[in-house]
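Asks: Provided below are the primary sequence and the corresponding predicted coordinates.
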Amino acid sequence: MMNIDIRQVVLTIGSAVDLVGVDDVLHGRRVAVMAVECAKHLGWDEEKQSLLFDAGILHDCGVSSTRVHRSLVTELDWEGSQEHCDKGYGMLKDFPPLAHIAPIVRYHHTHWEDLTAPELTPMTARFANLIYLADRVDVSAAPHYGDSSLLLHVGEIRNLIDRHRGAFFAPDLVDAFLDASRSEAFWLVLDADFIPQYVADMGCISRKLTMNLDELKRFALIIAQIVDAKSHFTTAHSLGVARLSRVLAGMAGITGENLDLIEVAALFHDIGKLQIPDEVLESPAKLTAAERALMKRHSFATYQILRRIGGFEELARSASEHHESPRGDGYPFHLLGREIALESRIIKVADIFQALAQDRPYRGPVPAHEILVFLRSMETENEVDPTLVGLVAAHLGECYEAAVGSGSD
């Protein structure tokens, strides 16, 4: 059992999704801020404001591809937008702490005139439509954040939203936006220098929950689904690494809830890869030096995201050290030998094994016996834990089955 701040859970998922933006990592936060400011002008209470903040942070949790993200933040009305809404809904609906936000995510690209789903309460429909409005405001404002010219374009953005009154957006929500956005402060708080303080202030309005291991796994699965959906080449990669990590951990003598925790850490291990452009992850060619440097950022990003959650310090360490090497030339911390946690050493072997067993843009799946040969060569170079390679050798078939799964996950 862990006492977790639910706002930190929301921000962790949001941070993972924001990484997909690569060059713009504040979209979710800006949508959240604008939704809250409009809610204040509607006279909605603090509980509704807090709900809208969380929904704004999470609204794009179904987006993993940088290609999809580019369309969502550059086009006012995008034909393929509903796919990520449905994906996000599927991720959240079975996670009790955030299930109430799932319908908002599902309908946050539905036009007001079409927002008639029977399962939607009138209030949830308004929440979803307000997130949609704030989302489209941010898309219209995005070209002007970088050059500090946003205040010069406020009039045209306000007029654009007003023109879609009654069709895209509920008339009273448009009125609330027009009222809130009259002040320069509404727009200036969206600046990268000021957003962190607003988010910190909202962090004071949260609730703690006691999360058991099953709920912790569900949280980790949400992150893993976002990560693995980034490319069809990495579909179920995190799930396979988690399965194999648990199997190897059991063989290494780890027992009880520690088996669950290493599985959770493995599900988290590649959060940082969301920041890598699709074109780099799916490149069939050898990576350039610049692309390799970009790839080396991902495990540190994983560490920074996870360590923000109180009680996640060990999980952050286990998840982020899977590219460290016993000889000291791994990344991002250059740890030596036993400085690397056993859990991290296990996840490293599982990560290598599963990646080799899976299809990649530059090769097909590698057979089990060839994977073992590769791990043996890494053992010789002191890049992986020899004890763990020995366990793989003794249980090769079981390890391969855990890595690739049965196709039912």
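Replies: Right, received. Where do you want to start? Numbering: from 1, shown residues only.
Asks: any low-confidence regions in the stretch 101-250 of the chain?
Replies: Counting by pLDDT under 70, the stretch 101-250 of the chain contains low-confidence ranges at 204-206, 231-234.
Asks: which parts of it are helices?
Replies: For the stretch 101-250 of the chain, the helices defined by DSSP state H, counting those that start in this stretch cover 102-106, 122-141, 154-163, 171-180, 184-188, 195-203, 213-228, 237-251.
Asks: go through the ones you listed and name the closest to residue 112.
Replies: Comparing the helices of the stretch 101-250 of the chain by their distance to residue 112 (Cβ to Cβ), the top pick is helix 122-141, with 5.2 Å. Backbone N, C-alpha and C define where each C-beta goes, glycine included.
Asks: what packs against the closest one?
Replies: helix 27-41, helix 46-58, helix 102-106, helix 154-163, helix 171-180 (3 or more Cβ pairs under 8 Å, 6 or more residues apart in numbering; DSSP states H and E).
Asks: for those, which one sits closest to residue 294?
Replies: Checked against Cβ to Cβ, the stretch from these lying closest is helix 27-41, at 20.4 Å.
Asks: for stretch 333-344, buried residues please.
Replies: For stretch 333-344, the neighbour count (16 or more other Cβ atoms under 10 Å) marks 333, 335, 340, 341, 342, 343, 344 as buried.
Asks: which pair in the residues you listed spans the largest distance?
Replies: Set against one another by Cβ to Cβ, those have their most distant pair in 333 and 342, with a gap of 15.9 Å.
Asks: quick check, residue 176 in contact with residue 43.
Replies: No - here residue 176 does not reach residue 43: they are 9.1 Å apart, not a contact under Cβ atoms under 8 Å.
Asks: so those two - more neighbours on which side?
Replies: For residue 176 against residue 43, the residue with the higher neighbour count under other Cβ atoms under 10 Å is residue 176, and the figures read 21 against 8.
Asks: thinking again about what came up before, which of the buried residues of stretch 333-344 fall in helices?
Replies: 342, 343, 344 (DSSP state H).
Asks: tabulate those (JSON lines), appending pLDDT.
Replies: Formatted as JSON lines, those follow (pLDDT from 0 to 100):
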{"residue": "342", "pLDDT": "95"}
{"residue": "343", "pLDDT": "96"}
{"residue": "344", "pLDDT": "96"}
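Asks: nearest to residue 297, out of the residues you listed: which one, please.
Replies: Scanning those for proximity to residue 297, where the rule is Cβ to Cβ, the winner is residue 344, at 17.7 Å.
Asks: may I ask you to confirm that that closest one is in contact with residue 322?
Replies: Yes - taking Cβ under 8 Å as the definition, residue 344 is a contact partner of residue 322 at 5.7 Å.
Asks: between the two, what contacts are shared?
Replies: Common neighbours of residue 344 and residue 322, counting by Cβ atoms under 8 Å, 6 or more residues apart in numbering, are absent.
Asks: now stretch 158-176: buried residues?
Replies: Counting neighbours by 16+ other Cβ under 10 Å, one finds that the buried residues in stretch 158-176 are 158, 161, 164, 165, 168, 169, 170, 173, 174, 175, 176.
Asks: those residues: which two are farthest apart?
Replies: Every pair in those was compared (Cβ to Cβ); the two farthest apart turn out to be 158 and 170, at 16.2 Å.
Asks: where does the residue nearest to residue 109 when sequence neighbours are not counted fall, phi/psi-wise?
Replies: In this structure, residue 109 finds its nearest non-sequential neighbour in residue 81, 4.2 Å apart by Cβ to Cβ, 6 or more residues apart in numbering. Backbone geometry at residue 81, expressed as degrees, to the nearest 10, gives phi -70, psi -30.
Asks: I'd guessed residue 109 sits against residue 132; true?
Replies: Yes - counting by Cβ under 8 Å, a contact exists between residue 109 and residue 132, whose distance comes to 6.1 Å.
Asks: between those two, which one's more packed in?
Replies: Legend: neighbour count by other Cβ under 10 Å for residue 109 and residue 132, higher for residue 132 (27 against 22).
Asks: how far does stretch 254-264 sit from its chain's centre?
Replies: With Cα atoms, centre = their mean, to the nearest Å as the basis, stretch 254-264 stands 22 Å off its chain's centre.
Asks: quickly list the domain ranges of this structure.
Replies: The chain breaks down into these domains under automatic domain parsing: 2-208, 213-404.
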